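In: Mind looking at a prediction? Sequence and model below.
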Amino acid sequence: MNCPSCFNEPAIIHLSMGVLPGKICKERLDKLPSPNQMIEIIPERIKAERQERGDSIEQPHLKGELNKRYVDLWGEDVARERGFTEKEIKNAKYVFDGMPQGRYYKDAT
């Protein structure tokens, strides 16, 4: 069986992985540099929509501690409806600030 990459040299047959590229193709592919970070291709339209709608996915709490940003966005009445007490609403903190995913949609560019 021939190499699936170049169709010229013999392929390497692996018992569990099946047909692999031949020795020369494998050496050539191993020399190619790999990216040092994940490449993300997102259209500008989607980035804009994420920024517009980012507040709609704000979580109300983290491990039972009320998120102050959620209270700022939706109000104390909504927090009361979700079962938080007056004391919890008064002592609410910005629980997601400082976390990498905490403000993704506002800070991402």
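Out: Here it is on my side, so go on.

In: What is the burial count for Gly64?
Out: Other residues lying near Gly64 total 8 when counted by other Cβ atoms under 10 Å. For the C-beta atoms, the positions are set from N, CA and C on the backbone; glycine is no exception.

In: pLDDT below threshold where in this protein?
Out: 98-109 (pLDDT under 70).

In: quick one: contacts of stretch 56-69?
Out: For stretch 56-69, contacts defined as Cβ atoms under 8 Å, 6 or more residues apart in numbering pick out 70, 73-74, 79, 82, 84, 88-89, 91-97, 105.

In: And the nearest residue to Asp55 once chain neighbours are set aside, its phi and psi?
Out: Spatial nearest neighbour of Asp55, chain neighbours left out: Leu73 (5.4 Å); criterion: Cβ to Cβ, 6 or more residues apart in numbering. Note on Leu73: backbone dihedrals following degrees, to the nearest 10 are phi -80, psi -50.

In: Can you tell me how far Leu73 is from Glu9?
Out: From Leu73 across to Glu9, the span is 61 Å (Cβ to Cβ, to the nearest Å).

In: and if you look at Leu62?
Out: Distance from Leu62 to Glu9, by Cβ to Cβ: 56 Å.

In: So the residue nearest to Asp55 versus Ala92, what's the distance?
Out: 12 Å.

In: if we can go back for a sec, and which of the contacts of stretch 56-69 is nearest Gln37?
Out: Nearest to Gln37 among the contacts of stretch 56-69: Tyr105, at 19.9 Å, using Cβ to Cβ.

In: picking that back up, so which of the contacts of stretch 56-69 is the closest to Leu20?
Out: Closest to Leu20, out of all of those and judged by Cβ to Cβ, is Tyr105, at 41.5 Å.
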